[in-house]
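**Student:** I'd like to go over a predicted model; first the sequence, then the structure.
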Amino acid sequence: MHLIIKWLRRAWNWLTSMRTALMLLFLVALAGIPGSLLPQRSINETRVQEYIETNGKLAEIYDKLSFFDVFSSHWFNAITLLLVISLVGCIIPRSWEHARALRTPPVRAPKRLDRMPLYAQAVVEKPEAEVEAQLREVLKGWHVSEYSAKEDRAGQHSFSAERGYLREFFNLVFHLAVVALIAVASLGTLLSYEGQVIVVTGKDVEESTFCNTSTANYDTFRGGALFDGTGLNPFCVEVHNFQADYLPNGQAESFGSDISYAAGSDITTNPETWKSFPLGVNHPLRVAGDRVYLQGHGYAPTVTVTWPNGESRTQTVQFRPDDTINFLSSGVLRFDPPAGMYSDLYERRQNQLAIQGLFAPTAQWSGEKGELLSSAYPALRDPAMAIDIYRGDNGLDTGRGQQLFSLDQRLILTGQLQRIERINLGKGEEVTLDDGTKVRFDGAQEFANLQVSHDPTQVWVLIIAVIGLGSLVGSLLVKRRRIWVRCQPQEDGTTLVTMAGLARTDRAGWGEEFREKAREILGLPEDVPDDELSIIDAHTRHERD
C-alpha cells in the first residue's frame, strides 16, 4: 500500500509539473493537425464519405483512428482533460507560493555585493539619515526591507528591495485563462447548435424565406449534448437576391445577398417592420442571439413537366456545384404524376419521373458531336442542362431516405427506374417523351447557403481570451529585479553607499534602470559619468579581469 501511494504521488508530481503541461499543450496542437487537414464529420459528412471512397485502405485506417472526428474523439478529449488537470495542479501551488512571497521580506544582501551582475559604489556628501530618506523616496513602490548591522551578512546597515511581483501574477492569470477558456469552450459545445440551409432566391416569398422555428427547417443540423432542439431563438430571414462579381478567369471577387429579417413578435406583424441587411461573407447577421453567415451559393434549375392530360408541375431544386470555379453542377428532380391520371396507387408509383443530370450556368459544348456539356463561366449567361430522364419508382415511397443530389443506384440496377431519354436542353427548350409527357427547362435561379450558429458562451470566450492575451503581454513586459544598498557612515560626515542589482528574469533594459536608480539614490546629476560612480556590470568586470 505504501508503495502504491508512493507511485501515485510521483505520478501526480509528474503530471502537475510545468514541463508536463508544456508537453501536453504541444500534444493538443499536434493532435489538432488531422482535424485541420482532413474533412470532419461534424462539418461536412459528405466530404468525409467521398474522401473514404477515394483513398481506400488509408482512409479506413484514418477512420479507425477517429481522424475524421478529431475534436470529439476519446483520445483528443483525454489529452485535453490531462492538460486541464496539469495546469490546475501547477496553478494551485504556484498561487500559494506567490501569495507567500508577497508577505515575505526581500532576502538579505549577499556578503560581496561586487560580485553581483550590476554594482555601484560612491561616497555621498550627506549624513546617513539623509541618504536613507533619499533611498526610501526613490524606492517608493518597491517591496523594501531594512536590516540592521547584526542581521546583515557583511555587518553593515543595509536595505533590500524587490519589484516585479506582477510578473508571476500575470503568469498565473494567463494559465487560469487557458483553463477557463477550455472549460467555457467545452460548455459552449454542449449548449450550442449549428445548422445549414439552402434558400433559393427569387420572387416566391415562401421558397426564399427561412425561419428559425424548428430544427426540421434545416437541411443539416447538429446541436450540443445539452441542447434538446426546443430552445431555438425565433427569427425569419428572406433572401431577396444574390450578387457576385467575378474576375475574367471565373474566380469570385466578392458576393453577397440583400436580405430582410425579423425576430420574435415582429415576424407576424406588418412586413414593413422587417429590417434590411446586406449579408456578406465576412459580414454576418446577428439577430436574436444567433449569427447568420453566408457560406456559399449555387444554382437551382427550374423544370416544368406537362402530362398528356394537360396538368403540369414546376420544380426549382438546388444542384450541387461539382466545379467550384465555373459551377458545373449536378442534381436530381423528382415528379409524381397527377392524382387523377392513374386510379391504382401502384400504377401511379410505376410512372413517377426522375430527372438527373448536369447544369451549366454558361454552357460550353465539346466532344465529337458537340454534346458534352461543361461550364465556361460561373455567371448565369447561357444556362443549359444535360439530363437523363427515368420513369418508374423513384424511391419517394420506400420509407428510406433519398440523396438530394443523386438517384439511388439500387433502383436503377433492379430495374425499378428505367431511363427513357437522354437529352441536352437550353433555356426554354423542351422534350416530348414516348407517352406525350413534355419536359421543359425554364432556366435557373441562384441559391444562398446560410449557416446559423448559436453559442451562448461566445462573449465569455472573447473576454477570457482578451484577459489571457493581456496577461501574457504583461508577463513579458514586467521584469522581476532586486536592489541591495549598504550605507556606511564615514568620519567626515559623509556616507559610503554600495549598491548591487540583480535581474531575476530578463535583463533587457535593467542596466539602464539600475544606473538611473543609482544616480537618484546617490543624489547625483545626469552628467556625472559612470566611472565616478564605480558602476560596473558583469560584462565590464569580465573585461577588466
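**Tutor:** Okay, I see it.

**Student:** Could you give me the buried positions within the helix or strand containing residue 174?
**Tutor:** According to DSSP states H and E, residue 174 maps onto helix 165-191. Within helix 165-191, the residues that count as buried by 16 or more other CB atoms under 10 Å are 166-182, 184-189, 191. All C-beta spots, glycine's among them, are computed from the backbone N, C-alpha and C.

**Student:** Residue 5 belongs to a strand, doesn't it?
**Tutor:** No. Counting by DSSP: H, G, I helix; E, B strand; the rest coil, residue 5 is not found in a strand; it is helix.

**Student:** pLDDT score for it?
**Tutor:** On the pLDDT scale, residue 5 is placed at 80.

**Student:** roughly how far apart are it and residue 12?
**Tutor:** Distance of residue 5 to residue 12, computed by CB to CB, to the nearest Å: 10 Å.

**Student:** next one: residue 311
**Tutor:** 77 Å.

**Student:** so how far is the helix holding residue 174 off the chain centroid?
**Tutor:** Offset of helix 165-191 from its chain centre (CA atoms, centre = their mean, to the nearest Å): 16 Å.

**Student:** now do stretch 195-213
**Tutor:** Worked out by CA atoms, centre = their mean, stretch 195-213 lies 27 Å from the chain centre.

**Student:** If you compare the directions of the one helix or strand residue 79 maps to and helix 165-191, what angle comes out?
**Tutor:** Using DSSP H and E, residue 79 falls within helix 74-103. If you take axes from the mean of the first three to the mean of the last three CA atoms, to 10 degrees, helix 74-103 sits at 150 degrees to helix 165-191.

**Student:** So which elements touch the next helix-or-strand element following helix 74-103?
**Tutor:** Following the chain from helix 74-103 toward its C-terminal end, the next helix or strand by DSSP H and E is strand 118-124. Here strand 118-124 touches strand 495-503, helix 510-522, helix 530-533, strand 536-537, going by 3 or more CB pairs under 8 Å, 6 or more residues apart in numbering; DSSP states H and E.

**Student:** What average pLDDT does strand 118-124 get?
**Tutor:** In this model, strand 118-124 has a mean pLDDT of 86.

**Student:** now stretch 44-63
**Tutor:** Stretch 44-63 shows a mean pLDDT of 83.

**Student:** on that earlier part again, just send the helices and strands packed on strand 118-124 back as JSON lines, with distance to residue 32 too.
**Tutor:** Output for the helices and strands packed on strand 118-124, formatted as JSON lines (distance: least, CB to CB, whole Å):
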{"stretch": "strand 495-503", "distance to residue 32": "36"}
{"stretch": "helix 510-522", "distance to residue 32": "38"}
{"stretch": "helix 530-533", "distance to residue 32": "52"}
{"stretch": "strand 536-537", "distance to residue 32": "45"}
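
**Student:** Let me see the ranges of the strands in the stretch 301-450 of the chain.
**Tutor:** Remark: strands assigned in the stretch 301-450 of the chain by DSSP state E, counting those that start in this stretch are 312-316, 320-321, 329-335, 352-360, 363-366, 372-375, 384-392, 417-426, 430-432, 438-454.

**Student:** in the last one, what's buried?
**Tutor:** Judged by neighbour count using 16+ other CB under 10 Å, the buried positions of strand 438-454 are 439-442, 444-452, 454.

**Student:** Give me the angle between that strand and strand 352-360.
**Tutor:** Orientation note: strand 438-454 sits at an angle of 70 degrees relative to strand 352-360 (the same axes, to 10 degrees).
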